[in-house]
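*Asks:* can't give you the sequence, but here's the structure:
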């Protein structure tokens with residue numbers, strides 16, 4: 001198989017996998033009532049932990 005064809009197939013496979021992961025995460029967020037506020041709270045918690053670890 002020519003290298004260019006292989007690269008194109010690999011890129012398409014990665015796009016498909018990324019789409020499937022994105023859909024799975026969206027399903028999980030919907031079932032678990034995860035919102036943008038949830039991610040914002042998580043960000044602040046992780047940021048505090050990071051600051052405490054580095055001080």
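*Replies:* Received it, and whenever you're ready, just let me know what you need. Being a predicted model, the structure only gives us computed values, none of them experimental.

*Asks:* Quick one: find the helix or strand in the protein with the lowest mean pLDDT.
*Replies:* Here the helix or strand of the chain ranked lowest by mean pLDDT, DSSP states H and E is helix 36-54, holding a mean of 92.

*Asks:* on contacts alone, who are the packing partners of it?
*Replies:* Helix 36-54 is packed against no helix or strand, with contacts defined by 3 or more CB pairs under 8 Å, 6 or more residues apart in numbering; DSSP states H and E. Any C-beta I mention is one placed from the backbone N, CA and C, and that applies to glycine too.

*Asks:* Quick one: mean pLDDT over the longest helix belonging to the chain.
*Replies:* The longest helix of the chain (DSSP state H) is helix 3-31. Mean per-residue pLDDT for helix 3-31: 98.

*Asks:* Tell me the gap between it and the middle of its chain.
*Replies:* Put simply, helix 3-31 sits 11 Å off its chain's centre (CA atoms, centre = their mean, to the nearest Å).

*Asks:* helices and strands around it, which ones?
*Replies:* So helix 3-31, by 3+ CB pairs under 8 Å, 6+ apart, packs with no helix or strand.

*Asks:* May I see the buried residues of it?
*Replies:* Residues of helix 3-31 classed as buried by neighbour count (16 or more other CB atoms under 10 Å): none.

*Asks:* can you give me the angle it makes with helix 36-54?
*Replies:* 100 degrees (axes from the mean of the first three to the mean of the last three CA atoms, to 10 degrees).
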